[in-house]
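In: Sequence first, then the predicted structure, then my questions.
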Amino acid sequence: MKLINSFKQRLTSLKSDQFDQMAMDLFRFQAACNPCYQQYLSHLGVDATSVQKIEDVPFMPIEFFKHHLVQSGEWAVDKEFLSSGTTGMARSSHLVEDLTFYEDNARRIFESFYGDVTELVFFALLPSYQEQGNSSLIAMVDSFMHLSNNQQGGYYLDDMDQLVEDVLEALGQSKKVFLFGVGYALLDLCESAQKEMNGLTIIETGGMKGRREEMTKDQFYGLMRERLGAVSIHSEYGMTELLSQAYSLEDKRFEVPRTMRVLVRDINDPFSQVSNERSGGLNIIDLANIHSCAFIETKDLGRVHADGSFEVLGRIDNSDIRGCNLLVE
């Protein structure tokens, strides 16, 4: 636990030029203290002591969270996050050693994009996440709502008229208002809203969950602006298996926080990386995953740009439809 706490302290004051060193220190810790990751490295024939740079670190397939215990060190579980999924589908399980650490990290990231959460108003249209429970997204939004000094805000399941009325009331008081919404529920809102909500910032996440026909992001955003007025439409990139989030502001590029780095692998050779601006599978380093595995091979297709931002282009064939995946062009 001393080593885990040391990593947590380093993360809170992490500077950009310290990322590589912390990533390598974390790799050595997890290679030695995470039985699942350790066995994976052994299967690959990788000697952790010979790995000297990030580019040579093997990324663990994200599916391992569905079928294995992914835990670094020994500690009592404070919270279990579960991925969304249909009946009978295996759900990813991410055991969290300290829920407050997750909430604090999510707050620091969000505030780096949007400012002090205590001054903001948060509404949420996330019915499927509420229904399934143990959602990391709900835990994050919960914490933002509790930190806000505003009495307005809250969760809405299907009362769109009341949501519109409450959002307009908050906007009328010149407050910064945010609506976290899953794709299909935002479409429901578009179809039922009778008034424009000019000035609202929508943070969409979660796609259609199989409840609506998929559409391109341009189509989806165009429809929201047509029906909801002069709203700002942003996106959140997060998932059960990661404790950090990335956000896109008014475009298709996700900006990464200081705790995260995204790399691209060759689809035909998962142990080979490709250069910036080329598409491939997304590998993510999340330094907040201290207690689990910080090196995740996702099933998302995308590209990384020279400034470190990235785009999500779709899903790798034959992979599950992810709740966190955004709409594909």
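Out: Sure, I can see it.
In: domain assignment for the chain?
Out: Domain ranges of the chain: 2-97+240-315, 100-237, per automatic domain parsing.
In: any idea of the mean pLDDT in the longest one?
Out: Average pLDDT, domain 2-97+240-315: 95.
In: all strands for the protein, in order.
Out: Using DSSP state E, the strands found in the chain span residues 60-61, 79-82, 93-96, 121-125, 154-155, 177-181, 201-204, 232-237, 246-249, 260-266, 269-273, 279-286, 295-304, 310-315.
In: Throw the ones you listed into a markdown table and include mean neighbour count and distance to residue 132, thanks.
Out: All C-beta spots, glycine's among them, are computed from the backbone N, C-alpha and C. Converted to a markdown table, these look like this (neighbours: other C-beta atoms under 10 Å; distance: least, C-beta to C-beta, whole Å):
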| stretch | mean neighbour count | distance to residue 132 |
| --- | --- | --- |
| strand 60-61 | 19 | 23 |
| strand 79-82 | 17 | 7 |
| strand 93-96 | 20 | 13 |
| strand 121-125 | 24 | 14 |
| strand 154-155 | 16 | 14 |
| strand 177-181 | 25 | 16 |
| strand 201-204 | 22 | 18 |
| strand 232-237 | 21 | 18 |
| strand 246-249 | 20 | 23 |
| strand 260-266 | 20 | 25 |
| strand 269-273 | 13 | 30 |
| strand 279-286 | 23 | 22 |
| strand 295-304 | 22 | 20 |
| strand 310-315 | 20 | 20 |
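In: Mind putting the ones you listed into TSV with distance to residue 218?
Out: Below are the strands of the chain laid out as TSV (distance: least, C-beta to C-beta, whole Å):
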stretch	distance to residue 218
strand 60-61	31
strand 79-82	31
strand 93-96	32
strand 121-125	21
strand 154-155	29
strand 177-181	18
strand 201-204	13
strand 232-237	11
strand 246-249	13
strand 260-266	23
strand 269-273	29
strand 279-286	18
strand 295-304	17
strand 310-315	13
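In: From the rest of the structure, what touches stretch 145-157?
Out: 107, 117-127, 130, 162-163, 166, 169-170, 175 (C-beta atoms under 8 Å, 6 or more residues apart in numbering).
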